[in-house]
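A.B. asks: Return atomic coordinates for the entry below.
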Amino acid sequence: MKKTATKVVASLFAFSLIAAACGGSDDAADAPADEPASEEEASGEVVGITVTGPERSDEEAGALQQVLGAWGDANGAAVTYIGDADWEANINVQVEAGNPPDISIFPQPGKLADFANAGYIVPLSAETDAAIEWSDAWKTFGNVDGVQYGVPMKSDLKSLVWYSPARFAADGYTVPETFDDFVALVNDITAAGGSKALCVGIESGQATGWTFTDWVEEMVLRQSGPEVYDQWVAGEVKFSDEPIQTAMQSVIDLWTEDNVYASAGTIAATAFQDNGQPLVDGDCYMHRQASFYSAFIPEGTVFGDGEGEINVFYFPDINGDAPVLGAGTLAAAFNDSPKVMELMAYLGSADYAESRQTIQAELKGGNGALSGFLSAAQGQDPSVYTPLEQSFLSVLESAQIVRFDASDLMPADVGAGTFWTEGTSLVNGDIDVATAGANIDASWPEM
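C.D. replies: Okay, here's the model as predicted:
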């Protein structure tokens with residue numbers, strides 16, 4: 001079984017992935033990283049380690065705390081995980097105040113690179129770096145100017161559409177094979193009246209707007225291809241250039257009031273995690289969201305093709321090249337104490353991945369429940385994943401083009417800043433795509 005998992009991972013990383021994240025300076029203060037807590041460790045006392053990150057659902061935060069707590073119990077540490085809806089803003093505040101956590105989980109390699117360039121996070125020890133059980137193609141997203149700062153912890157498959165197969169069949173709809181088919185399906189559902197074609201929400205605290213960026217990234221890959229996508233990430237293709245303008249307008253054209261169900265009344269006011277219930281309830285037919293979204297599908301939902309069950313299909317392509325959008329998280333440390341480095345090594349292990357997957361699935365209710373977690377760590381036993389989760393890995397394995405989330409790779413002022421805020425203004429109808437593009441370009445740090 002483990003050979004299968006290794007083959008999946010090896011196949012994935014044979015594909016062309018974007019180079020390491022762009023650098024740049026963050027607006028957080030110039031405070032140095034904390035000094036190692038070597039005296040406490042030398043005394044033999046239990047060492048307290050605080051880990052923060054954006055994952056905060058009961059299942060995600062609960063699994064993280066259980067896994068990290070168990071590791072701490074076995075290794076003389078008291079590990080506390082704190083999930084934060086406003087992590088992107090609050091980690092800056094904590095660093096500025098000189099009170100960062102010991103470890104934080106970064107969903108954006110671009111922000112991690114900013115912190116590394118500013119000297120806020122510490123490089124991994126040689127022993128920790130060597131212990132990471134992920135391919136170099138994933139490790140590169142935590143590597144800044146040849147120095148390894150980040151440990152990959154999770155991988156996500158984003159190019160998925162969640163739907164009810166039985167409902168499609170009952171209403172005479174079929175899974176679209178091309179993007180034109182997808183648009184035609186949306187139009188047919190809207191013309192029929194009743195439930196909306198799509199569930200969409202982009203509210204996410206300080207990170208409001210990130211789900212819009214995912215849709216734009218999908219469109220850039222499908223409409224313009226990986227070369228333009230890479231140039232966009234590098235800042236060589238601007239947001240005001242035609243390929244990106246077309247991609248943003250394509251999303252806005254789909255997100256009409258007639259096409260979209262928004263549980264809070266508007267897309268910008270609807271939390272991204274609030275679409276699972278209306279999908280199950282039949283308020284909408286489809287929801288494009290990553291593999292982790294299974295954590296937000298109501299507990300007890302069965303995944304399959306039967307009555308009342310939920311499944312996924314690949315978000316279809318345009319040019320026949322079947323591109324796949326992916327993402328993930330990386331841990332970085334704010335001090336290089338031995339115990340922190342030991343924990344960092346564990347976070348990059350197959351053992352951590354298997355333990356978290358098992359516990360998170362149990363917290364989701366067990367009995368074949370999807371956990372919302374996925375890992376490309378090498379050497380895992382794939383049997384800890386459900387057949388549907390294993391199919392997520394198969395999508396990655398069969399893809400010829402795989403790209404990491406663009407906004408996560410861009411400088412944080414853009415990818416975790418204006419791309420979100422200007423995108424939200426665009427979705428609200430306050431500005432048009434030309435204005436949004438110009439405003440985002442103006443925020444790009446000088447090269």
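A.B. asks: For Ser355, identify the helix or strand it belongs to.
C.D. replies: Using DSSP states H and E, Ser355 falls within helix 350-363.
A.B. asks: what separates that helix from the chain centre, distance-wise?
C.D. replies: 18 Å (C-alpha atoms, centre = their mean, to the nearest Å).
A.B. asks: In that helix, which residues are buried?
C.D. replies: Residues of helix 350-363 classed as buried by neighbour count (16 or more other C-beta atoms under 10 Å): 350, 352-363. (Glycine included, C-beta is placed from N, CA and C.)
A.B. asks: Make TSV out of the residues you listed and add distance to Tyr149 and pLDDT.
C.D. replies: What follows is the buried residues of helix 350-363, written out as TSV (distance: C-beta to C-beta, whole Å; pLDDT from 0 to 100):
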residue	distance to Tyr149	pLDDT
Ala350	21	95
Tyr352	18	98
Ala353	20	96
Glu354	25	96
Ser355	24	98
Arg356	22	97
Gln357	25	95
Thr358	28	96
Ile359	27	97
Gln360	26	95
Ala361	30	93
Glu362	32	94
Leu363	30	93
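A.B. asks: Next one: the closest residue to Val324 other than its chain neighbours from Val186, what distance?
C.D. replies: In space, and not counting its chain neighbours, Val324 is closest to Ala399: 4.0 Å by C-beta to C-beta, 6 or more residues apart in numbering. Look at Ala399 and Val186: by C-beta to C-beta, to the nearest Å, they are 24 Å apart.
A.B. asks: quick one, phi/psi of Glu307?
C.D. replies: Torsion angles at Glu307 (phi, psi; degrees, to the nearest 10) stand at phi -60, psi 130.
A.B. asks: show me what contacts Ala345?
C.D. replies: Applying C-beta atoms under 8 Å, 6 or more residues apart in numbering to Ala345 gives the contacts Glu127, Thr128, Ala131, Ile132, Val151.
A.B. asks: which among these end up buried?
C.D. replies: Using 16+ other C-beta under 10 Å as the burial test, the contacts of Ala345 include Thr128, Ala131, Ile132, Val151 as buried.
A.B. asks: what comes up buried for the helix or strand that contains Met219?
C.D. replies: Using DSSP H and E, Met219 falls within helix 210-233. For helix 210-233, a neighbour-count test (16+ other C-beta under 10 Å) marks 210-226, 228-230, 232-233 as buried.
A.B. asks: which helices and strands sit right next to that helix?
C.D. replies: The contact analysis (3 or more C-beta pairs under 8 Å, 6 or more residues apart in numbering; DSSP states H and E) places helix 210-233 against helix 242-254, strand 284-288, strand 323-333, strand 401-404, helix 406-409, helix 419-427.
A.B. asks: Extract the C-alpha set from the third one and format it as CSV.
C.D. replies: This file holds the C-alpha atoms of strand 323-333, laid out as CSV (Å, rounded to 0.1, in the frame of the first residue of the first chain):
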residue,chain,number,x,y,z
PRO,A,323,-4.9,21.9,-15.4
VAL,A,324,-5.1,21.4,-11.6
LEU,A,325,-4.9,24.1,-9.0
GLY,A,326,-3.4,23.1,-5.7
ALA,A,327,-2.4,24.7,-2.4
GLY,A,328,-1.3,23.8,1.1
THR,A,329,0.1,25.0,4.4
LEU,A,330,3.6,25.3,5.8
ALA,A,331,4.8,25.6,9.3
ALA,A,332,7.5,28.1,10.2
ALA,A,333,9.3,28.7,13.6
